[in-house]
Every structure is written in structure tokens, then in C-alpha cells.
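> starting from these lines, generate the structure:
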Amino acid sequence: MKISVQSRRWALSLLATALLAACGGGSSGPDGAHDSVSIATAGRLAMAEQGSKTLRLHDLDSASAAVEASYTLDNEPSAVYASPSGRYALAVQRLQDQVQIIDGGIWQEDHGDHLHDYKQASRSVAWKITGPRPTHYDVQAGKQAAFFMDGNATASPVQNAGVRLFTDASIARASLVASTDLNVPIHGLADPLDDKLLLVSRAADAPDTLPTHLNLHLRNGSGYSFSRQVATRCDGMHGSFSSGAYTVTGCLDGMLLVRHTAANAVDDGRKLTTRLRVGTIAGHASLPGHFIGVATEGTAPAPVTTRFYAVDAERASVTDLVLQGWETGRQRRAHAFDRSGQRFFVLDDQGTLVVTQRQNGGWAPLARIAGAIPAMPSAAPWPTLVTNGAVNELYLTDPVARQLVVLDSSTGAVKARRSLGYVPSTAAWLGITR
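Residues are numbered from 1 along each chain as shown. Presented below is the predicted three-dimensional model:
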């Protein structure tokens with residue numbers, strides 16, 4: 001059949017219009033390039049309710065942080081995390097061996113010649129991440145993340161530990177990027193960095209059930225291949241963070257510092273010795289090579305005190321980090337960095353918020369806010385600190401007052417207290433990081 005010139009032009013016009021609409025509109029320059037589409041949005045806060053299967057998404061562009069949508073999960077979540085690029089809420093249901101996913105509806109795409117922001121209604125995702133006892137979550141910010149599945153030694157047959165690696169794009173495809181399984185159940189971790197994965201192992205003479213070593217694995221298609229073991233031992237390994245060219249884990253006698261030396265290689269690691277066991281590592285992608293180790297001193301009924309260590313990976317140094325007014329007997333209930341990585345927030349067990357900031361290559365006091373949480377709970381759920389990646393705010397959940405406390409991340413000052421009408425347990429920020 002012969003098509004007229006006029007018909008061809010009409011068809012091409014329709015095609016161009018469709019392509020432009022698929023890109024979200026906008027104008028084209030003389031070279032046909034589309035304009036960037038930027039949406040001013042503070043994002044959404046995914047928040048779980050204590051003792052409930054309900055997950056609510058609060059719209060932070062609303063003056064009252066109104067609920068954009070509520071979702072009934074399969075089970076009450078044990079934790080809620082944001083996906084690596086911040087689009088999805090990951091509702092961990094550890095005892096049920098699954099992670100449910102909610103699309104937060106705010107994301108950014110790279111269209112080659114421009115960036116395109118989107119804000120739509122949130123929605124439930126049918127696909128789930130599954131595996132025995134999803135527990136430890138490690139993120140390579142903006143790229144990928146891994147859930148470490150502890151496995152289940154009490155199951156029959158025994159369920160071994162494993163790793164599930166994914167990206168925001170793979171969630172959209174309803175698939176993992178890669179996975180691998182260990183030959184034992186173990187409470188461990190798996191830190192991804194590009195095609196490398198630092199994965200735990202435990203020596204036969206381990207003093208407890210925790211890992212003792214890190215093994216380097218390299219991604220091979222949808223799986224991983226063992227490369228070698230990091231030589232330096234780290235008994236009682238627990239907690240990790242990677243930033244810049246370094247990964248740090250907590251140990252019974254300090255921290256293990258591993259340097260990434262090439263795209264497929266790491267060094268043999270070195271021990272940063274401390275007088276206390278370090279069980280948590282805090283860090284930020286915008287503060288490469290700097291970490292904060294969190295340790296506990298004392299055992300009840302004697303005073304129990306949280307202690308902090310500042311790590312400079314480039315210098316392979318560790319020093320005591322003493323927070324302003326932090327006394328013996330004070331315990332950390334929540335902590336977070338601001339979106340710049342330049343300020344570190346800690347909430348103590350009396351409801352006081354202590355803020356320290358980077359200054360002259362170290363950490364210096366910034367603020368101490370008493371009564372950030374007027375009445376602290378006597379048991380979990382404890383308050384949670386959540387950082388907004390788009391604007392200078394942090395959010396502090398108050399389970400007793402059933403409130404969301406909005407903080408100015410540049411000063412730590414309380415900006416607002418918003419009634420929730422329910423007891424918040426765990427939360428994650430979703431949106432476009434600026």
C-alpha cells in the first residue's frame with residue numbers, strides 16, 4: 001500500500017509527540033535535546049506503626065506531613081530502609097524471610113542529555129526479596145545494595161546464610177542483580193562496592209558465633225566467585241560501612257580497616273585497636289574515608305555508657321570522640337549524619353540531642369538540645385533519626401508523644417512537632433538526593 005507524504009508527516013509528528021510525552025514533556029532546543037525536568041520536593045517518609053502491619057507514606061511537601069497513602073503489609077516490619085537510589089521503601093519482615101517493597105513515587109532518571117524528575121502516587125510492588133532471615137543491609141549510595149540473610153540454624157533442614165544484591169532498576173524489573181549463598185548460617189554482613197563484595201566467614205576457632213574474617217568475592221554475571229580472604233582477623237565482627245576507598249567493620253578489640261586497591265582487589269587489612277568492642281560503624285558517602293565507631297562500656301546493673309571513636313582511614317588512625325556533655329551512664333538511642341555528612345547527630349537515653357560537626361579536619365561541638373524527646377520510652381521502640389536527602393531536615397520519631405519531630409539539620413534546632421496519631425517504630429526517607 002502506498003503511503004502519501006502527508007500521511008508520513010502526520011505519523012512522524014505523532015511519534016515525536018509520543019516520545020516527548022514519554023519523557024514527561026518539556027521543550028526541545030535546535031538540536032532536538034530535551035530540557036531537564038526538576039521537581040522541588042522534600043520527598044516522603046515511610047513510617048511503620050508499632051504492633052501493626054501498617055506502613056504509612058507521609059508527604060513532606062505537605063505543611064503537616066500528611067499521609068499520602070497507607071499500606072497493609074503481610075507482617076509487621078522489623079525495619080524499613082530506602083532503596084539505593086531512594087525510590088523504594090524496603091519493609092523487612094525478618095522472621096517471615098522476606099522484604100516487601102513500596103514504590104515511593106518520587107525518583108530521577110538520567111535521559112542521557114538531561115535529568116528528569118518524577119513525582120507520582122506511591123504504589124505497592126508485587127515482587128519481594130526473599131531469603132532466610134534478612135538482617136544486615138549495606139548500601140553503595142545511589143548504585144546498589146545488599147541484604148545479608150543470616151540463615152536459620154533452627155530450621156529443618158538448616159537454612160544457610162546468603163546475599164541478595166539489587167538496584168532500583170532491578171526492583172523495577174522485579175529481579176535481583178546477583179546473589180550467592182554461604183555453607184553455614186551466620187549473623188554477618190556483605191558490603192558491595194561495584195563488582196566487589198566483602199563477605200563474612202568464620203574460623204573454626206572463633207571465640208563466639210560471629211564472623212572472624214572478610215572474604216573478597218567478585219561478581220560473575222548473576223553470581224559471585226571467591227577471590228581471596230582478607231588476612232587480618234576480626235573476632236566478634238559486627239557492623240560495617242564503606243566510603244571512599246575503605247571498608248570498616250567492628251571487632252572485639254577495635255575495628256578492621258580494609259583498603260580497596262583496585263577494581264578487583266583489596267589489601268590485607270589492618271586492625272585499629274580500641275579498649276572496647278565496637279559493634280556499630282557509622283559513615284556517610286560524602287565523607288569518604290571517615291567513620292565513627294560505636295562501642296558500649298560496662299554491663300548492667302553497673303552504669304552502661306556508649307562511647308564513640310573517630311576513624312581517619314587515610315591515616316589509619318582512631319581517636320576517642322567525646323560528645324559535648326556526654327557523661328558516664330549515657331546511652332545512645334539513635335544516631336544519623338545530616339545529608340552533607342558534615343554533622344553527626346546522637347540522641348541519648350534522656351532525650352537530649354547532641355550535634356557535632358566537621359571542623360579543621362576533626363570533630364567539634366555544634367549544639368546540645370535538651371528535651372528533644374521530652375519523655376523517653378522505657379523500652380523499644382526507641383526513637384529513630386532519619387535524614388532528608390533533599391532539604392536540610394532530620395526527623396526524630398517520638399513513640400511516647402506519638403509525634404514526628406522536625407529538626408534543622410544545620411543547627412539541630414527543633415522546627416516543628418507533628419502529631420501522628422500512632423506509635424512510630426521505624427522509618428526511612430524516600431526521594432531524590434540533592
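> what residues sit buried inside the strand or helix carrying residue 333?
Secondary structure from DSSP states H and E places residue 333 in strand 332-337. Across strand 332-337, burial judged by 16 or more other Cβ atoms under 10 Å covers 332, 333, 334, 335, 336, 337. Any C-beta I mention is one placed from the backbone N, CA and C, and that applies to glycine too.
> quick one: the helices in the protein?
Secondary structure of the chain (DSSP state H): helices at 5-22, 168-172.
> quick check on the closest residue to residue 237 other than its chain neighbours: phi, psi?
Spatial nearest neighbour of residue 237, chain neighbours left out: residue 211 (4.2 Å); criterion: Cβ to Cβ, 6 or more residues apart in numbering. Residue 211 has phi and psi values of phi -70, psi 160 when expressed as degrees, to the nearest 10.
> which residues touch residue 211?
Counting by Cβ atoms under 8 Å, 6 or more residues apart in numbering, residue 211 makes contact with 186, 187, 188, 189, 200, 201, 202, 234, 237.
> what's the neighbour count on the third one?
Residue 188 is flanked by 26 other residues according to other Cβ atoms under 10 Å.
> residues contacting the nearest residue to it once chain neighbours are set aside?
Spatial nearest neighbour of residue 188, excluding adjacent residues (Cβ to Cβ, 6+ apart): residue 200 at 3.5 Å. Going by Cβ under 8 Å, 6+ apart, residue 200 touches 148, 186, 188, 189, 190, 211, 213, 214, 215, 237.
> which one of those is nearest to residue 75?
residue 148 (19.7 Å; Cβ to Cβ).
> surely that closest one and residue 189 touch.
Yes. At 5.2 Å, residue 148 and residue 189 qualify as touching, with contact defined as Cβ atoms under 8 Å.
> shared neighbours of these two, anything?
Residues touching both residue 148 and residue 189 by Cβ under 8 Å, 6+ apart: 136, 138, 200.
> I'd like the contacts of residue 200 laid out as JSON lines, including pLDDT and distance to residue 73.
JSON lines is the format used below for those (pLDDT from 0 to 100; distance: Cβ to Cβ, whole Å):
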{"residue": "148", "pLDDT": "98", "distance to residue 73": "21"}
{"residue": "186", "pLDDT": "98", "distance to residue 73": "27"}
{"residue": "188", "pLDDT": "97", "distance to residue 73": "26"}
{"residue": "189", "pLDDT": "98", "distance to residue 73": "25"}
{"residue": "190", "pLDDT": "98", "distance to residue 73": "24"}
{"residue": "211", "pLDDT": "98", "distance to residue 73": "30"}
{"residue": "213", "pLDDT": "98", "distance to residue 73": "36"}
{"residue": "214", "pLDDT": "98", "distance to residue 73": "33"}
{"residue": "215", "pLDDT": "98", "distance to residue 73": "34"}
{"residue": "237", "pLDDT": "98", "distance to residue 73": "31"}
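> narrow those residues to those in strands?
Secondary structure from DSSP state E places 148, 190, 213, 214, 215 of the contacts of residue 200 in strands.
> neighbour-wise, which one of the residues you listed leads?
With neighbours taken as other Cβ under 10 Å, the top of the ones in strands among the contacts of residue 200 is residue 214, carrying 29 neighbours.
> closest one of the contacts of residue 211 to residue 432?
residue 189 (27.8 Å).
> do I have it right that the closest one meets residue 136?
Yes. Applying Cβ under 8 Å, one finds residue 189 in contact with residue 136, separated by 4.5 Å.
> contacting residues for residue 198?
190, 191, 214, 215, 216, 217, 230, 240, 242, 247, 258, 266.
> wait, the fifth one sits on residue 228?
In other words, residue 216. Yes. Counting by Cβ under 8 Å, residue 216 touches residue 228, with 5.5 Å between them.
> these two: which has the busier surroundings?
Between residue 216 and residue 228, counted using other Cβ under 10 Å, the more crowded position is residue 216 (20 against 12).
> one step back: show me which pair in the contacts of residue 200 is furthest apart.
Of all pairs drawn from the contacts of residue 200, the greatest distance, 14.9 Å, lies between 148 and 213 (Cβ to Cβ).
> returning to what we had before: so how far is residue 239 from the residue nearest to residue 237?
11 Å (Cβ to Cβ, to the nearest Å).
> repeat that for residue 320.
Relative to residue 239, residue 320 is positioned 18 Å away (Cβ to Cβ).
> please apply the same query to residue 205.
Residue 205 sits 22 Å away from residue 239, going by Cβ to Cβ.
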